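Engineer: Pasted the sequence and its predicted model underneath.
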2 protein chains.
Amino acid sequence: MEWRNSLTDLLQVAYPLMQAPMLHIATPAMVAAVSNAGALGSLPVGGQSPERVRTLIREVKSHTAKPFAVNLFAHPHPGQVDPAQGARMHRVLRLIGEGYQLEWEQPALENLPIFLAQDQIPVLLEEKVPVVSFTFGVLEPQVLDAFRKAGVVTMGTATCLDEALRLQEQGVSAVIAQGTEAGGHRGAFLNPEAPPQIGLAALVRGIVRAVRVPVIAAGGIMDGAGLAAAFALGAQGVQLGSAFLRCPESAAPPAYKAAVATSQDQSTVLTKAFTGRWGRAIRNEFTRQMAPHEALVLPYPVQEVLTRALREKVGPEDVAKVFPLWAGQAAYLARELPASQIVAAVLQEAEAILWPDFQ
Amino acid sequence: MEWRNSLTDLLQVAYPLMQAPMLHIATPAMVAAVSNAGALGSLPVGGQSPERVRTLIREVKSHTAKPFAVNLFAHPHPGQVDPAQGARMHRVLRLIGEGYQLEWEQPALENLPIFLAQDQIPVLLEEKVPVVSFTFGVLEPQVLDAFRKAGVVTMGTATCLDEALRLQEQGVSAVIAQGTEAGGHRGAFLNPEAPPQIGLAALVRGIVRAVRVPVIAAGGIMDGAGLAAAFALGAQGVQLGSAFLRCPESAAPPAYKAAVATSQDQSTVLTKAFTGRWGRAIRNEFTRQMAPHEALVLPYPVQEVLTRALREKVGPEDVAKVFPLWAGQAAYLARELPASQIVAAVLQEAEAILWPDFQ
């Protein structure tokens, strides 16, 4: 019985299990709890100011001395928004908000303060974070090079074989293969407007046969059976997101956690209504109201700024109707347990499958 | 090292591996070869006349004494087609056909000879076929009962947990869980117009935890790694379709086999343009030409009758452009080997993963 493999050696962790970087959900407390349990926590910082990134990293460090990852959004700047399209989206959101008796000032669309990965990278280097993962694109080769020279492990996200090959070519240390089952944003970057929707079984099998770096399977993995299945497919590790949604360390509001608990395998939908990028969320009133307006959706992260302003005004009784209830297709199997106990349970279940003779 | 489990006991086969019933592709020779190799071949008979069904079954029997399955399409009669919609589809197909310099008589839409499962079931009982699998719906409880009394094993196809529970409730012996990765028609029946697209990892894990009957995983499984992964998820068996596309026993035309060999994980698309039911096929000229006309597509199997008349006139050089190149998301991993050798290879690969100490 031996969890050690090329990925655990690379990451310097005991177990080849990562917690997915869920923006606005994965708190520093969750990241530290996962890392302290011998797995790898991931701190999401996409879109945050460099100051905020530093604060969050230091908060994680204050709770763990173990390795953890910081996750970046590697997308280009959206440029200026077409004012006519912006006005139309303002109108759509105004109408939706009025349905909840909301009054709020809609953010102006010009000169939004948008923080990109390039703004955050110096902080990551200064803070000597051990692992950097990213999604929505590929970090520049010189950036990957700088991380490599600083001893930082880099991992990119692929939703199809072509993206995995591109990531390897650019020099990442490992590839996260994100199956269509996964909750939250699709990591697609070669064609993000029509992102691949490849199931984990097909995706991982194809990628592990084609790349040399370790592959981490993500999407639909909720327990040790999922971990063991990913290993059978040839993955060297797994990344679990939805499995941690109901943890006490999760910042998901109570109504969000309740929606996850009562969801089903058909509950989710791919939508770009919340942020301007395609992501998987539990269907709710907002996804239904926005469905006819998908063509008007503004680019990431402008759409996100607009919809966030609306939902910040929403009362707790309407949170489940308006919030992005990011969740994977098997999120309904999520357990309401502390993050460390989820890590322990998943490992124990996987051990019983992978090494039955040691039980 | 022990392949025997509840599914092999139920099916009376040596190995918990089934070849998927691929209409127009899986020949009696393929079915018999798979069954003779100790797995379970599946003979597709959806839409065929009772006489043809009998002929096909007898052909299988002439090549094997081992158990095999016969696969039925359990959909309702489409009813009469709206003549205006029919005329529009005739026009669309006429235009597409003219692009290939085709001349052909378009089938009339009234009183098409449509054979349903109910027309074929008496033949299956008379011929004492050992296993009946079905898709697109649920056979009537009295039919399932008649099969049970005759000692016939029944298996239905589910694309979500609700469908699996419905099948179990109606009394099937086993459930085939079809992940979104799968090629060919979606087996969805609760909402076939908007079929679930749940990845195998999420789907199988949820279903095995909820049903008591054996679960067979289907979709994206191309080799022993896929089989071992399905077992880790808790499935008792696997069904492989695309893995057999390139066999000599496959009736796929050479251009189809070539398209599979050069496909990639992003090559497929869900379309109902070929038959009126959603299915996964390699994108080609026909799927692109029909994409703007999805709303005009006629119900299954009327659309199939119309498009078949067109493609029967197509020369070998245009087959890959016009035929439904049904294929799963990992079809590009299909091997060009006799069916029996594919069975043997998959089992051997799986054994090396499941029982490494016995190697």
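Structural biologist: That came in fine, so what should we check first? Numbering: from 1, shown residues only, chains lettered A, B, ... in the order given.

Engineer: what residues does the stretch 51-200 of chain A put near chain B?
Structural biologist: A:C160, A:L161, A:D162, A:G179, A:T180, A:E181, A:P196, A:Q197, A:I198, A:G199, A:L200 (CB under 8 Å from any CB of the partner chain). Using the backbone N, CA and C atoms, a C-beta is placed for each residue, glycine as well.

Engineer: Output the below-cut-off pLDDT ranges for chain A.
Structural biologist: Counting by pLDDT under 70, chain A shows low-confidence ranges at A:1, A:359.

Engineer: the helices in the stretch 201-350 of chain A, which residues?
Structural biologist: A:224-232, A:254-261, A:285-290, A:302-311, A:319-322, A:339-354 (DSSP state H, counting those that start in this stretch).

Engineer: Pick the most deeply packed of the ones you listed.
Structural biologist: helix A:224-232 (a mean of 27; mean count of other CB atoms under 10 Å in any protein chain shown).

Engineer: residues in contact with that helix?
Structural biologist: Under the contact criterion CB atoms under 8 Å, 6 or more residues apart in numbering or on different chains, helix A:224-232 has outside partners A:17, A:200-201, A:204, A:217, A:220-221, A:237-238, A:240, A:330, A:345-354, B:201, B:205, B:225, B:228-234, B:353.

Engineer: export that helix as CSV, just CAs?
Structural biologist: Taking Å, rounded to 0.1, in the frame of the first residue of the first chain, the C-alpha atoms of helix A:224-232 are listed here in CSV:
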residue,chain,number,x,y,z
GLY,A,224,-12.7,6.8,-3.0
ALA,A,225,-14.4,4.9,-5.8
GLY,A,226,-13.9,8.0,-8.0
LEU,A,227,-10.3,8.2,-7.0
ALA,A,228,-9.7,4.6,-7.6
ALA,A,229,-11.4,4.9,-11.0
ALA,A,230,-9.2,7.8,-12.0
PHE,A,231,-6.1,5.8,-11.0
ALA,A,232,-7.3,2.9,-13.1
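
Engineer: if I read this right, A:L347 contacts A:V13, doesn't it?
Structural biologist: No - counting by CB atoms under 8 Å, A:V13 is not a contact partner of A:L347; they are 11.8 Å apart.

Engineer: Next one: the closest residue to A:S173 other than its chain neighbours from A:T159, what distance?
Structural biologist: Nearest residue to A:S173, sequence neighbours excluded (CB to CB, 6 or more residues apart in numbering or on different chains): A:V153, at 4.7 Å. Using CB to CB, to the nearest Å, A:V153 is found at 21 Å from A:T159.

Engineer: again, but for A:K66
Structural biologist: 29 Å.

Engineer: then stretch A:321-340 to CSV, C-alphas only?
Structural biologist: C-alpha atoms of stretch A:321-340 as CSV (Å, rounded to 0.1, in the frame of the first residue of the first chain):
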residue,chain,number,x,y,z
LYS,A,321,-32.6,31.6,-6.9
VAL,A,322,-30.0,34.2,-7.9
PHE,A,323,-26.5,32.9,-6.9
PRO,A,324,-24.3,30.8,-9.1
LEU,A,325,-24.8,27.4,-7.5
TRP,A,326,-21.6,26.0,-9.1
ALA,A,327,-21.8,22.2,-8.7
GLY,A,328,-20.7,19.1,-10.6
GLN,A,329,-22.9,16.4,-11.9
ALA,A,330,-22.4,14.2,-8.9
ALA,A,331,-22.4,17.1,-6.3
TYR,A,332,-25.5,15.5,-4.7
LEU,A,333,-23.1,12.9,-3.2
ALA,A,334,-21.2,15.7,-1.3
ARG,A,335,-20.9,15.0,2.4
GLU,A,336,-21.4,17.5,5.2
LEU,A,337,-18.1,16.9,7.0
PRO,A,338,-15.0,19.0,7.8
ALA,A,339,-12.6,19.1,5.0
SER,A,340,-10.0,17.0,6.8
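
Engineer: Is stretch A:5-13 in proximity to chain B?
Structural biologist: No - Stretch A:5-13 does not reach chain B (CB under 8 Å from any CB); its nearest approach is 14.3 Å.

Engineer: okay, that stretch in PDB with CA atoms only?
Structural biologist: Coordinates of the C-alpha atoms in stretch A:5-13 are reproduced here as PDB (Å, rounded to 0.1, in the frame of the first residue of the first chain):
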ATOM      1  CA  ASN A   5       3.900   8.400  -7.000                       C
ATOM      2  CA  SER A   6       5.300  10.900  -9.400                       C
ATOM      3  CA  LEU A   7       2.700  13.500  -8.500                       C
ATOM      4  CA  THR A   8       3.200  13.300  -4.700                       C
ATOM      5  CA  ASP A   9       6.900  13.500  -5.300                       C
ATOM      6  CA  LEU A  10       6.400  16.600  -7.400                       C
ATOM      7  CA  LEU A  11       4.000  18.300  -5.000                       C
ATOM      8  CA  GLN A  12       5.800  17.000  -1.800                       C
ATOM      9  CA  VAL A  13       2.500  15.800  -0.300                       C
END
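
Engineer: which residues sit against it?
Structural biologist: Taking CB under 8 Å, 6+ apart as the rule, stretch A:5-13 contacts A:14-16, A:35, A:38-40, A:66-67, A:130-131, A:153, A:173-174, A:214, A:216, A:236-237.

Engineer: what about 10 Å?
Structural biologist: Residues from elsewhere that reach stretch A:5-13 (CB atoms under 10 Å, 6 or more residues apart in numbering or on different chains): A:2-4, A:14-18, A:34-35, A:37-41, A:66-69, A:130-131, A:153, A:155, A:173-174, A:213-216, A:231, A:235-238.

Engineer: between A:K66 and A:T159, who's got more neighbours?
Structural biologist: Here A:K66 and A:T159 are compared on neighbour count by other CB atoms under 10 Å in any protein chain shown; more neighbours surround A:T159, at 31 against 21.

Engineer: pretty sure that one contacts A:N191?
Structural biologist: Yes - contact criterion CB atoms under 10 Å: A:T159 and A:N191 qualify, at 9.4 Å.

Engineer: Touching both of those two, which residues are there?
Structural biologist: What both A:T159 and A:N191 touch, as defined by CB under 10 Å, 6+ apart, is the set B:Q266.

Engineer: Quick check: phi and psi on A:V31?
Structural biologist: phi -60, psi -50 (degrees, to the nearest 10).

Engineer: Pull the contacting residues for it.
Structural biologist: A:19, A:21, A:40-44, A:56-57, A:59-60, A:63-64, A:66, A:68-71, A:249, A:339.

Engineer: I'd like the secondary structure assignment at the residue nearest to it when sequence neighbours are not counted, please.
Structural biologist: Sequence neighbours aside, A:G41 is the residue nearest to A:V31 in space, at 3.3 Å (criterion: CB to CB, 6+ apart). What DSSP: H, G, I helix; E, B strand; the rest coil gives for A:G41 is strand.

Engineer: thought A:G41 was touching A:K61?
Structural biologist: No - using CB under 10 Å, A:G41 is not in contact with A:K61, being 11.4 Å away.

Engineer: Compare neighbour counts for the two and give me the winner.
Structural biologist: Counted by other CB under 10 Å, A:G41 and A:K61 do not tie: A:G41 has more neighbours, with 34 against 16.

Engineer: What's opposite the more buried one in the beta bridge?
Structural biologist: A:F68 (DSSP bridges).

Engineer: ranges for the strands of chain A?
Structural biologist: For chain A, the strands defined by DSSP state E cover A:17-19, A:41-44, A:68-73, A:131-135, A:153-158, A:174-178, A:184-185, A:215-218, A:237-240, A:268-271, A:279-282.

Engineer: Select, out of those, the one closest to B:A320.
Structural biologist: strand A:153-158 (27.9 Å; CB to CB).
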